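>>> what's the 3D shape of this:
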Amino acid sequence: MTGWAEHMVIAPIVVPMLAGAVMILVGNRRRRLTAGLGLASALALLALSAALLMVADAPEVRVYRLGNWPASFGIVLVLDRLSAVMVALTAILGFAAFVFSLARWHRAGVQFHPLFQFQLMGLNGAFLTGDLFNLFVFFEVMLAASYGMALHGSGTARVRAGLHYIVINLVASLLFLVGVSVVYGIAGTLNMADLAIRLRGIAAADRALLEAGLAVLGIAFLVKAAMWPLGFWLPGTYAAASAPAAAILSILSKVGIYAVLRVWLLLFGDGAGESAGFGGTWLTLGGLLTLGFGSVAVLANQSLARLAGASVLVSSGTLLTAIGLGKAAVTAGALLYLVGSALAIGAFFLLIEFVERGRDIGADVLAVTREAFGTGEDQEDGEPGERDAIGVPIPAAVATLGVSFLACALLVAGLPPFSGFLAKFAISSPLIAPGGGAPPAMAWVVTAALILSGLTTV
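Numbering: from 1, shown residues only. Okay, the predicted model is just below:
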């Protein structure tokens with residue numbers, strides 16, 4: 001890459017950062033201007049993510065050194081196919097959630113647009129960084145914005161769930177910092193690629209302490225990935241959040257999955273020497289337990305918003321199980337599943353709001369709808385009420401929403417002919433094939449868990 005194209009790697013971080021800063025300067029009163037800035041930023045991120053996907057398709061990995069410092073001292077951003085796909089997922093979900101928020105959701109509280117932009121900034125930074133400490137920095141940017149997004153619009157249920165979410169993630173951030181400190185104290189570097197090289201030469205006396213530090217770091221990742229029993233907070237928090245906030249928050253669990261996938265395969269892959277495969281069995285067992293817990297939660301919840309949150313647990317369990325097996329073919333199927341489930345669950349949160357709007361129930365999402373649109377009870381004669389504010393049913397639109405809801409349900413359940421089924425088949429097929437490398441009992445347990453989780457969702 002030459003000229004301006006060389007700096008495209010950092011653009012998905014800079015664009016939302018600048019947009020959010022300008023929105024803060026503009027203030028909360030000029031909503032049309034901030035909405036226009038947000039729309040321009042979302043469209044720019046879509047275009048940038050498409051360009052980065054084409055750039056990342058080359059065999060070599062793109063490394064961007066901020067300030068042109070050597071990689072072992074300075075901050076580096078890394079672009080490969082995996083990070084490019086995650087940035088593209090963020091851009092697509094971000095655009096959809098932002099457009100949805102313009103239907104008055106951004107007026108339910110203050111500073112929605114800057115928070116949304118800083119959320120995108122933190123997500124993109126976490127996916128592109130090649131350094132553990134800067135992964136911590138972008139985690140904090142992402143989490144700080146998500147606190148505001150989860151609490152946006154106030155309300156008792158949202159404040160209660162949001163405070164639980166904040167406390168859990170503050171503890172996870174502390175663990176993250178402790179783990180990073182231990183790793184740096186032993187290895188002398190936090191650059192992921194450099195750490196992978198140095199790990200092979202770590203003295204036997206220091207290896208146990210380094211692995212303990214990485215295990216603490218992994219716990220912080222797994223809290224964000226919502227592995228059981230660390231993910232008990234997720235369904236309630238996502239159900240209480242507004243629809244566009246829940247849609248963009250749904251990809252936060254994929255940040256934890258991405259961090260586990262990136263760090264574990266890089267540091268404990270086949271070429272890691274004595275540390276090869278460290279923690280893989282625990283990842284697989286934790287993933288299976290998460291998959292089982294999420295499946296039970298899907299059956300137990302009658303609120304669609306909580307059901308969508310439980311589906312995030314099912315998705316995380318499936319991905320953690322596949323990653324822990326440490327097989328390249330299985331991981332490839334898991335990546336296909338990650339893409340499909342992230343988009344399907346994000347769309348599911350948006351569609352649920354339309355479905356719940358017409359149901360006379362006390363669901364959290366209905367309460368959020370009333371906050372944004374009003375109930376119509378305070379309107380005087382001749383003034384538009386709730387139905388006028390929200391809109392009247394249009395048969396074609398209702399049919400389209402129904403088909404979309406069915407498609408999302410089939411995607412989340414992993415039924416044919418959608419990508420969820422193909423991904424689950426791609427995960428289980430190498431396991432049960434002769435010479436698959438996994439113990440036969442484990443291979444059939446994983447396959448059965450994938451099938452049963454789909455049935456519970458149905």
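>>> any low-confidence regions in the stretch 251-400 of the chain?
Along the stretch 251-400 of the chain, the parts satisfying pLDDT under 70 run over 270-275, 277, 357-394.
>>> what ranges do the helices span in it?
Secondary structure of the stretch 251-400 of the chain (DSSP state H, counting those that start in this stretch): helices at 252-268, 280-300, 304-325, 328-357, 364-373, 386-390, 395-413.
>>> tell me which of those helices is the most buried.
The highest average neighbour count among these, using mean count of other CB atoms under 10 Å, belongs to helix 304-325 at a mean of 28. For glycine as for every other residue, the C-beta is placed from the backbone atoms N, C-alpha and C.
>>> which strands or helices does that one pack on?
On a contact count with 3 or more CB pairs under 8 Å, 6 or more residues apart in numbering; DSSP states H and E, helix 304-325 meets helix 204-225, helix 234-240, helix 252-268, helix 280-300, helix 328-357, helix 364-373, helix 419-432, helix 440-457.
>>> before we move on, back to that, residue 66: which of the helices of the stretch 251-400 of the chain is closest?
Of all the helices of the stretch 251-400 of the chain, it is helix 252-268 that lies closest to residue 66, at 19.2 Å by CB to CB.
>>> what packs against that closest one?
Going by 3+ CB pairs under 8 Å, 6+ apart, helix 252-268 lies up against helix 81-101, helix 112-128, helix 132-151, helix 192-199, helix 204-225, helix 280-300, helix 304-325, helix 328-357.
>>> can you add distance to residue 111 and give the helices and strands packed on helix 304-325 back as JSON lines?
Listed next are those as JSON lines, based on distance: least, CB to CB, whole Å:
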{"stretch": "helix 204-225", "distance to residue 111": "23"}
{"stretch": "helix 234-240", "distance to residue 111": "19"}
{"stretch": "helix 252-268", "distance to residue 111": "19"}
{"stretch": "helix 280-300", "distance to residue 111": "32"}
{"stretch": "helix 328-357", "distance to residue 111": "21"}
{"stretch": "helix 364-373", "distance to residue 111": "16"}
{"stretch": "helix 419-432", "distance to residue 111": "36"}
{"stretch": "helix 440-457", "distance to residue 111": "36"}
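>>> so who does residue 265 touch?
323, 326, 331 (CB atoms under 8 Å, 6 or more residues apart in numbering).
>>> look up how far residue 216 lies from the first one.
Here residue 323 is placed at a distance of 19 Å from residue 216 (CB to CB, to the nearest Å).
>>> I'd like the helices of the stretch 251-400 of the chain as a markdown table, with distance to residue 243 appended.
Listed next are those as a markdown table, based on distance: least, CB to CB, whole Å:
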| stretch | distance to residue 243 |
| --- | --- |
| helix 252-268 | 16 |
| helix 280-300 | 19 |
| helix 304-325 | 9 |
| helix 328-357 | 4 |
| helix 364-373 | 7 |
| helix 386-390 | 13 |
| helix 395-413 | 13 |
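>>> which of those sits closest to residue 449?
Among these, helix 280-300 comes nearest to residue 449, with 5.2 Å by CB to CB.
>>> which helices and strands does the closest one pack with?
Under the contact criterion of 3+ CB pairs under 8 Å, 6+ apart, helix 280-300 touches helix 252-268, helix 304-325, helix 440-457.
>>> looking at those, which is nearest to residue 28?
Across these, residue 28 has its closest neighbour in helix 252-268 (24.6 Å, CB to CB).
>>> state the mean pLDDT of the helix or strand hosting residue 180.
Here residue 180, judged by DSSP states H and E, is contained in helix 156-187. For helix 156-187, the mean pLDDT works out to 85.
>>> off-centre distance for it?
Centroid displacement of helix 156-187 relative to its chain, using CA atoms, centre = their mean, to the nearest Å, is 16 Å.
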